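1. I would like the atomic coordinates for the input below:
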Amino acid sequence: MRNFVVGDIHGGLKALLQILEKLGVNANDRLIFLGDFVDGWSESPAVLDFLIEIQKRQPCVFIRGNHDALLLDWLTGNTENFDEQMWFIHGGAATVKSYENIDESTKNKHVEFLKSLQDYYIDGENRLFIHAGFTNVKGVEFEYFKPLYYWDRTLWETALALDTTLSKEAITYPNRLKIYAEIFIGHTPVTKINESVPVNRASVWNIDTGAAFKGKLTIMNVDTKEFWQSDPLPDLYPAEKGRN
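-> Numbering: from 1, shown residues only. Presented below is the predicted three-dimensional model:
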């Protein structure tokens with residue numbers, strides 16, 4: 001079985017279909033999706049429909065992203081502590097518009113799917129797949145505030161800022177970067193550091209290559225690190241803004 005990890009899709013179904021075709025995905029491949037399936041481009045409901053169907057024909061792991069959590073709150077009316085205006089600015093407006101002609105039965109299917117998402121996944125080789133990160137120095141199982149799984153940015157910032165000459169045996173080496181063989185994340189686009197392909201720092205691989213904005217969607221072989229990318233999302237959706 002081959003294992004592949006997919007970055008943040010953000011409503012870009014065309015990009016997802018493109019990378020799966022480029023890869024030549026087959027029914028024996030495990031696909032690990034790092035979350036943020038929605039918010040940005042116009043096909044968020046269609047992305048969820050596609051993911052619900054693809055898991056019927058091959059092994060899939062679906063990780064919860066912060067935008068997926070926000071959509072679930074909106075669909076279920078759990079908006080007491082929900083900053084709708086902020087969500088709209090960061091991609092929610094396109095999602096709300098895309099749901100205008102979606103029937104209640106489909107919405108209910110999406111709610112059940114969004115509720116079923118995993119906070120994280122650890123495979124047999126002690127590789128962690130998580131949308132954003134964690135803060136507890138003992139690992140994800142010890143995290144007290146669970147939403148950090150899909151909101152944290154300190155893990156990535158720590159990996160980026162780490163002195164590459166620092167030994168893992170040093171007392172100041174971050175324990176979070178030693179617990180797992182590798183950590184695969186999305187959440188913070190590598191385009192923010194002027195990169196366009198997956199970036200590895202310490203034990204962390206960031207697979208979010210900016211598909212929500214002007215970048216591409218990426219799928220990567222977990223073992224070989226070979227990757228495939230879509231066209232830039234603005235090229236696939238020329239009449240839309242995405243999150244730009």
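2. hey, let's count contacts and neighbours off CA atoms from now on
-> Will do.
3. gap between the lowest-mean-pLDDT helix or strand in the chain and the chain center?
-> Here the helix or strand of the chain ranked lowest by mean pLDDT, DSSP states H and E is helix 84-87, holding a mean of 92. With C-alpha atoms, centre = their mean, to the nearest Å as the basis, helix 84-87 stands 20 Å off its chain's centre.
4. neighbours around Ser98, how many?
-> 18 (other C-alpha atoms under 10 Å).
5. and it, what is it in contact with?
-> By C-alpha atoms under 8 Å, 6 or more residues apart in numbering, the contact list for Ser98 reads Ser42, Glu43, Ser44, Pro45.
6. so which of those is the most crowded?
-> Busiest of the contacts of Ser98 [other C-alpha under 10 Å] is Ser44, holding 27 neighbours.
7. tell me who's in contact with that one.
-> For Ser44, the contact set (C-alpha under 8 Å, 6+ apart) comprises His10, Gly11, Gly12, Leu13, Phe37, Val38, Thr95, Ser98.
8. if we use 7 Å, what do you get?
-> With contact taken as C-alpha atoms under 7 Å, 6 or more residues apart in numbering, Ser44 is in contact with His10, Gly11, Phe37, Val38, Thr95, Ser98.
9. buried stuff in the least confident helix or strand of the chain?
-> Trp87 (16 or more other C-alpha atoms under 10 Å).
10. helices or strands up against it?
-> Applying 3 or more C-alpha pairs under 7 Å, 6 or more residues apart in numbering; DSSP states H and E, we find helix 84-87 packed against no helix or strand.
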